[in-house]
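S.K.: Structure for this input, please:
(one chain, ligands or ions: 1)
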Amino acid sequence: MRRDHHIACATRADLKALVEVHLEAFPDFFLSKIGKRFLTVYYQSVATYPQGCVLVLYSANSRLVGFISGFKYPDGFYRHFKKRKMAIAVALAIGLLKRPYLLPRVVFHARCGGKKSVAMSEDENFVELSALAVDPGGQSAGVGQALHAAFEDWAVASGAHGIYLTTDVERNELARNFYAKRGYREIRKIVTPIRRSMSVFAKVFRESGFSYINESSR
Ligand SMILES: CC(C)(COP(=O)(O)OP(=O)(O)OC[C@H]1O[C@@H](n2cnc3c(N)ncnc32)[C@H](O)[C@@H]1OP(=O)(O)O)[C@@H](O)C(=O)NCCC(=O)NCCS
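M.R.: This next block holds a predicted model:
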């Protein structure tokens, strides 16, 4: 990490800039299309979940350049998130007013309970890395690796057995190489209902008796 960068746990005051970075780094993604309000509720929920972690990196000129978020016990996180029913409903309503064509996907996610347990349901002691994003203007300057290293330190200190994440298969070489170089292995492929091919990557700190490698990824 550069000396003029500093990493801190996100507070409420960071959320506006964090959401802007999310929108810049993930244009055209579903959550970005749902809108700022939903993203704010989401990241606020991660930051307030007792087993959650949102880290932000600031540059020398006090600009939020990137962030990383995730949580241990994912099912517990999604229960925590869903407690904010009213805030979620308002955020979704605002997003759908702007983009009504997103309704089928919103309904699908609501029916699934909004959880990704399909990814790593075998071991609740894994941390789900839910987002890593660097502002396009600040990319390739070591921000992503510094944030990931700090997040991994948090995960190890929390006693997690490892970290997992889902990421796109197509047109995503940079991110896939980023995680592969940091010790993640693809453990599974998923095809979402909108036919988006995703990989589940995991980095195991401590084996816990489960086989993380399924037949398709051997
Ligand atoms: C993926 C991402 C987080 C990487 O962050 P970053 O700050 O740009 O990356 P860093 O400068 O820390 O570099 C990390 C590694 O990527 C390599 N890298 C960075 N930019 C690169 C580029 N444009 N082309 C090829 N490699 C590149 C670096 O050389 C470095 O390699 P190393 O691991 O061998 O040292 C960032 O590009 C991003 O936010 N992308 C959009 C959102 C995304 O895809 N998030 C991850 C999926 S959830």
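
S.K.: from memory Ile163 sits against Ala202, does it?
M.R.: Yes. Using C-beta atoms under 8 Å, Ile163 makes contact with Ala202 at a distance of 7.0 Å. For every residue, glycine as well, the C-beta is placed using N, CA and C.

S.K.: list residues touching both of these two?
M.R.: 126, 184 (C-beta atoms under 8 Å, 6 or more residues apart in numbering).

S.K.: who has more neighbours, those two?
M.R.: Neighbour count, other C-beta atoms under 10 Å: between Ile163 and Ala202, Ile163 has more, with 27 against 23.

S.K.: Run through the residues that contact the more buried one.
M.R.: Shown in contact with Ile163 (C-beta under 8 Å, 6+ apart): 70, 126-129, 151-152, 155, 184, 202-203, 205.

S.K.: Of those residues, which are in range of the ligand?
M.R.: Of the residues in the contacts of Ile163, proximity to the ligand by C-beta under 6 Å from any ligand atom holds for none.

S.K.: Among those, which lie within helices?
M.R.: If you go by DSSP state H, the contacts of Ile163 have 151-152, 155 in helices.

S.K.: And the residues you listed, which of them are buried?
M.R.: By neighbour count, with 16 or more other C-beta atoms under 10 Å, those hold 151-152, 155 as buried.

S.K.: from those residues, which is closest to the ligand?
M.R.: Phe151 (11.3 Å; C-beta to the nearest ligand atom).

S.K.: The closest one and Leu129 touch, don't they?
M.R.: Yes. Here Phe151 reaches Leu129: they are 6.9 Å apart, a contact under C-beta under 8 Å.

S.K.: overlap in contacts of those two?
M.R.: Counting by C-beta under 8 Å, 6+ apart, the residues touching both Phe151 and Leu129 are 68, 70, 163.

S.K.: Show the average pLDDT along stretch 13-32.
M.R.: On average, the pLDDT along stretch 13-32 is 96.

S.K.: Name the SS class of Cys53, please.
M.R.: strand (DSSP: H, G, I helix; E, B strand; the rest coil).
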